[in-house]
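With the sequence up front, the predicted model follows.
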Amino acid sequence: MSEKQTTNESRRGFVAGGVAAAAGLAIAPGVTLLDMAHARPENEAASGKNRWGLLIDTTKCKTGCTDCVTACFTENGVKQGDKETDPQWIRKVELKDLHSNKTASLPMMCQHCAHPPCVDVCPTGASFKRVDGIVLVDRHICIGCRYCMMACPYKARSFVHEPLTDQNPDVPRGMGCVEACTLCVHKIDRGDNNTACAEACKEGAILFGDLNDPESEIAKRVATYASTQVRADLGLNTGVRYQGI
Amino acid sequence: MGIPTIKTMGTWLASLAVVLAVGASSLAVADGGAKSPREAMLEGVKGDKCVAPTDDMRRNHMKYLKHHRDETMHQGIRTQQFSLKGCVECHASPKNNSVVGTNQNFCQGCHAYTGVKLDCFECHATKPKATAAFHPIAGQTGGLAANMRKEMGSAQSNVAGAAQ
């Protein structure tokens, strides 16, 4: 009886959320409908068959717009301050070609490299790459040495200098650890199949998807149009690709 | 799994040192008497059962949490049974909607009584995301849960909002 109650409670939130999970409806009783929104069962590990990534179309990205930055910080509970030392998971970068004066605006964040330098240098194993290509920091193991911040060619990582309170329950973070874009790993595990920045972009400049799935939109676009890896010369095989630069 | 790191070893040794040096009652005494944290244990509980038998949870919750944390962090396995988020959702006090803050709060109450340092909440949220969320695998029958739900009727709309 209690199970039924739980299911109904969740069902309300589920329907309101408007998430389609037709396949999930076949799951046995006792599993709440909220869980059915998972792309994979919650007891199943992330799979190496996936390689999550982003394709960012800089021709659509507007100069001065910071919607993706705001959405990221809101989703992950990062407070936007004015200090240079404040953590920064994603930032807007303006580029200008000095010969042609062509400008481009783009969001820069952890590029989720296939061969991440931050993982190479980490002395404790806190910096690691998940099998599905997401590069993360295990804060339980991080000693805050900041070698990874030095190693990252994209300046993607930040150090948390001050004590934090009121974290988002889905995104634990605290003083003394290094952190960076997690590719919204909690959303991916939940089955949202999108990141906060991609959801927030009104121009549709950010596309999230599985680079390994030839049927996915992102893989099709990468296969059809020219895309760039920032600092491709380093041979890191980034999971975040850019168009139009 | 469970490889002792410098940090966790440090925490463990620090905890041991506290217990050995000053005894289990030091923190409780500082707060005015070595009272059993039983009241705090009962206060925030929603539903009628925990995710495992109580004596098992008392003895082994730290092992379950650590095992779960490694699986979640490194493999993306997010089962609900030993999720710290689930603990907080059920055990947050109705007074300050938290598991720490005062010795009447669930986690802090017992950790202060036993003199064991609690550092989960330097990073993890101390408050549940939605006030009226129940642990999905704990039972919700009985007067306590019903009363809680009535009290938190206004918060129900927030739950639907959060689910979106």
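Done, it's in.

Check the burial of B:Leu65 by counting its neighbours.
Other residues near B:Leu65 come to 15 when the count uses other Cβ atoms under 10 Å in any protein chain shown. Quick note: C-beta positions are derived from backbone N, CA and C, even for glycine.

ok, it - contacts?
B:Phe82, B:Leu84, B:Cys87, B:Cys120 (Cβ atoms under 8 Å, 6 or more residues apart in numbering or on different chains).

Also A:Ala71?
Contact analysis of A:Ala71 by Cβ under 8 Å, 6+ apart lists A:Ala196, A:Cys197, A:Glu199, A:Ala200.

Would you state the helices of chain B in chain order?
Per DSSP state H, chain B carries helices over the ranges B:6-22, B:26-30, B:38-43, B:54-75, B:84-91, B:106-114, B:143-151, B:153-163.

just the contacts of B:Leu65 that are near chain A?
Here nothing survives when those are matched to chain A using Cβ under 8 Å from any Cβ of the partner chain.

If any of these are buried, give me the ChimeraX selection for them.
The buried residues among the contacts of B:Leu65 can be selected in ChimeraX (16 or more other Cβ atoms under 10 Å in any protein chain shown) with this line:
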select /B:82,84,87,120
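
I'd like the contacts of B:Leu65 as a markdown table, with pLDDT and distance to A:Gln111 appended.
Output for the contacts of B:Leu65, formatted as a markdown table (pLDDT from 0 to 100; distance: Cβ to Cβ, whole Å):
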| residue | pLDDT | distance to A:Gln111 |
| --- | --- | --- |
| B:Phe82 | 94 | 33 |
| B:Leu84 | 95 | 30 |
| B:Cys87 | 91 | 35 |
| B:Cys120 | 94 | 31 |
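
A:Ile90: which of the contacts of B:Leu65 is nearest?
If you rank the contacts of B:Leu65 by distance to A:Ile90 using Cβ to Cβ, B:Leu84 comes first, at 26.4 Å.

Lowest mean pLDDT among the helices and strands of chain A, which one is it?
helix A:2-17 (a mean of 42; mean pLDDT, DSSP states H and E).

domain parsing for chain A?
Following automatic domain parsing, one gets these domains for chain A: A:2-37, A:52-243.

how long is the last one end to end?
Distance across domain A:52-243, first residue to last, is 17 Å (Cα to Cα, to the nearest Å).

Just list the residues touching A:Cys211, thanks.
No, residue A:211 isn't Cys; it's Leu. A:Arg51, A:Trp52, A:Gly53, A:Gly133, A:Ile218, A:Ala219, A:Val222, A:Gly239.

from the contacts of A:Ala71, which are also near chain B?
Counting by Cβ under 8 Å from any Cβ, no member of these is near chain B.

could those residues be laid out in TSV, adding pLDDT and neighbour count?
Compiled in TSV, those are given as follows (pLDDT from 0 to 100; neighbours: other Cβ atoms under 10 Å in any protein chain shown):
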residue	pLDDT	neighbour count
A:Ala196	97	22
A:Cys197	97	26
A:Glu199	97	16
A:Ala200	97	18
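
Next, give me the two most distant ones among those.
A:Cys197 and A:Glu199 (7.3 Å).

so what's A:Cys72 closest to, chain neighbours aside?
A:Ile90 (4.7 Å; Cβ to Cβ, 6 or more residues apart in numbering or on different chains).

Burial check on that neighbour, number of neighbours?
Neighbour count for A:Ile90, taken as other Cβ under 10 Å: 23.

cool, A:Gln80 as well?
Number of residues near A:Gln80 (other Cβ under 10 Å) recorded here: 12.

try A:Glu215
A:Glu215 has 8 nearby residues by other Cβ under 10 Å.

Same check on A:Gly48?
11.

Contacts only, for it.
Counted by Cβ under 8 Å, 6+ apart, A:Gly48 has contacts A:Val131, A:Asp132.

From chain A, how far out is B:Arg58?
Computed as Cβ to the nearest Cβ, to the nearest Å, the B:Arg58 to chain A distance reads 23 Å.

if we can go back for a sec, out of the contacts of A:Leu211, which one sits closest to chain B?
Nearest to chain B out of the contacts of A:Leu211 is A:Trp52 (Cβ to the nearest Cβ; 10.9 Å).

Might one say that that closest one is in contact with A:Val240?
No - with contact defined as Cβ atoms under 8 Å, A:Trp52 does not reach A:Val240; the gap is 10.0 Å.

shared neighbours, the two?
Common contacts of A:Trp52 and A:Val240, defined by Cβ under 8 Å, 6+ apart, comprise A:His112.
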